[in-house]
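Asker: here is my input, please return the structure:
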Amino acid sequence: MAKERVVVGMSGGVDSSVAAYLLKEAGYDVVGVTMQIWQKEDDDTVSANGGCCGQSAVEDAARVASRIGIPHYVMNFRDEFQEKVIQYFMDEYLAGRTPNPCIACNRYVKWESLLQRSLQIGADYIATGHYARIAKLPNGRFAIQRSATAAKDQTYALYNLTQDQLSHTLMPVGDYEKGRIRQIAEEIGLPVAHKPDSMEICFVPDQDYARFISENSGHVVPEGNFVTTDGKVIGRHKGITHYTVGQRKGLNLSMGKPVFVVEIRPETNEVVIGDNQDVFTDRLRCSNLNFMSVEDIYEDTPVVAKIRYNHQGAKAVVRKTGADEAEVVFEEPVRAVTPGQAVVFYDGDYVLGGGTILG
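Answerer: Numbers count the residues shown, from 1 in each chain. Take a look at the predicted model:
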């Protein structure tokens, strides 16, 4: 009987490297693939950018593949990454929202594009090094399940994968603590055993989002007014791409007390400033819904909702308010609900679904 083939998306980091090793040990026919997504062709630019986008990722993944004895290929996804991740990232900031490019990359590049190409070359599955698990539930649906390590859990960034994508996905790292993954890498002599985790947005390595957008979008982002919640003008801002809801640093306002970004109004080019209590709310609206552990919801549904990657989650009730819109009402107010970010609903350890925050 032929082995099932799995294409492992290898970023050159320790997690995806160990994922490939674990799957080979489990008896799969493993093929390593590194996705080429960096936009600039010249060697200096490519080599200067690490993370999962740079040339170093390709070289590290190739060394790991050689070490564990699997083939390694590079697939070009530049066009998909430009359209689905970079352009989306810029468009959202220009519209006064705060995007999550890693979620878009997962959905449209790492899964939609890589899975499609992998199936075309005879693969049964794709696999990644995410700290998450996939379960098939008694109702027959696939769902993302929290990983064994709360500290590294990445389920929030995977909420919008489809049933078809989940049915063709393996996530072997989700059963392990991070320390154990590094230990395995060390035991088998992987050259990336102690490589630091990549934390930043890979295509903006200096984290200066506003500069990146002004240089790459073709848009001049004008200065505008800082205003209070009651409409009083209190200063000038550098352009809305410099700000996000809840922000305190970098405002350069002398108010005699800590103040925060409460709202961004692209239609009037205003950034609204308020006190800390103004950044709290007990409800939000969301759209672009994706349900995972259930096909849909038809009544008020209790969940634990996460409103950003590092949010612990808060008890809430979610109710549909339209075909592709829902309201989430929290038991206690939550801080800095940010339009453009994801809200992810959990039912115990499983992702029930989620959506994009409207406000």
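
Asker: all contacts plus neighbour counts: C-alpha atoms, from now on.
Answerer: Fine.

Asker: give me the nearest residue to Met35, chain neighbours excluded.
Answerer: Nearest residue to Met35 in three dimensions, chain neighbours excluded: Met75, at 5.1 Å (Cα to Cα, 6 or more residues apart in numbering).

Asker: try Asp282
Answerer: Leaving aside its sequence neighbours, Asp282 sits nearest to Pro333 (Cα to Cα, 6+ apart; 4.1 Å).

Asker: mind saving the C-alpha coords of the helix or strand hosting the one you found as PDB?
Answerer: Using DSSP states H and E, Pro333 falls within strand 325-335. Only the C-alpha atoms of strand 325-335 are listed here, as PDB (Å, rounded to 0.1, in the frame of the first residue of the first chain):
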ATOM      1  CA  GLU A 325     -23.000  39.700  10.400                       C
ATOM      2  CA  ALA A 326     -23.100  39.000  14.100                       C
ATOM      3  CA  GLU A 327     -23.100  40.900  17.400                       C
ATOM      4  CA  VAL A 328     -21.000  39.800  20.400                       C
ATOM      5  CA  VAL A 329     -22.000  40.900  23.900                       C
ATOM      6  CA  PHE A 330     -19.400  40.400  26.600                       C
ATOM      7  CA  GLU A 331     -20.200  39.600  30.300                       C
ATOM      8  CA  GLU A 332     -17.600  42.300  31.200                       C
ATOM      9  CA  PRO A 333     -16.300  45.200  29.100                       C
ATOM     10  CA  VAL A 334     -13.200  44.400  27.100                       C
ATOM     11  CA  ARG A 335     -10.400  46.700  26.100                       C
END
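
Asker: tilt between the helix or strand just after it and strand 325-335?
Answerer: As assigned by DSSP H and E, the chain's next helix or strand after strand 325-335 is strand 342-347. Interaxial angle of strand 342-347 relative to strand 325-335 (axes from the mean of the first three to the mean of the last three Cα atoms, to 10 degrees): 90 degrees.

Asker: now do stretch 255-269, average pLDDT.
Answerer: In this model, stretch 255-269 has an average pLDDT of 95.

Asker: so Ile68 makes contact with Tyr21?
Answerer: Yes: using Cα atoms under 8 Å, Ile68 makes contact with Tyr21 at a distance of 6.4 Å.

Asker: which of these two has more neighbours?
Answerer: Tyr21 (24 against 17; other Cα atoms under 10 Å).

Asker: can you pull the pLDDT of that one?
Answerer: 98.

Asker: equivalent analysis for the one 3 residues further on, please.
Answerer: According to the model's per-residue confidence, Lys24 sits at a pLDDT of 97.

Asker: and if you look at Cys52?
Answerer: Note for Cys52: predicted pLDDT of 52.

Asker: helix or strand right after the host helix or strand of Asp15?
Answerer: According to DSSP H and E, Asp15 maps onto helix 14-25. Downstream of helix 14-25, the first helix or strand assigned by DSSP H and E is strand 29-36.

Asker: that next one pairs with which strands, and in what direction?
Answerer: Here strand 29-36 has these sheet partners by DSSP bridges: strand 5-9 (parallel), strand 72-76 (parallel).

Asker: most packed of those strands?
Answerer: Neighbour counts (mean count of other Cα atoms under 10 Å) averaged over each of those peak at strand 5-9, with a mean of 26.

Asker: avg pLDDT for that one?
Answerer: Mean per-residue pLDDT for strand 5-9: 97.

Asker: what's the burial count for the residue nearest to Asp282?
Answerer: Pro333 sits with 16 neighbouring residues when counted by other Cα under 10 Å.

Asker: can you check Asp164 too?
Answerer: If we define neighbours as other Cα under 10 Å, then Asp164 has 11 of them.

Asker: swap in the one 4 residues further on?
Answerer: Burial of His168, expressed as a neighbour count using other Cα under 10 Å, amounts to 16.

Asker: for Val173, same thing?
Answerer: 27.

Asker: per-residue pLDDT of it, please?
Answerer: Note for Val173: predicted pLDDT of 97.

Asker: contact partners for it?
Answerer: By Cα atoms under 8 Å, 6 or more residues apart in numbering, the contact list for Val173 reads Asp15, Val18, Ala19, Gly129, His130, Tyr131, Ala132, Ile181.

Asker: surely Thr229 touches Val271?
Answerer: No: if you go by Cα under 8 Å, Thr229 and Val271 don't touch, sitting 9.7 Å apart.

Asker: more neighbours, these two?
Answerer: The residue with more neighbours, out of Thr229 and Val271, is Val271; 29 against 15, by other Cα under 10 Å.

Asker: partner residues bridging the more buried one?
Answerer: Phe226, Ile264.

Asker: hang on, it packs against Phe260?
Answerer: No: assessed by Cα under 8 Å, Val271 is found out of contact with Phe260, at 10.0 Å.

Asker: what stretches of this protein score poorly on pLDDT?
Answerer: 1, 39-55 (pLDDT under 70).
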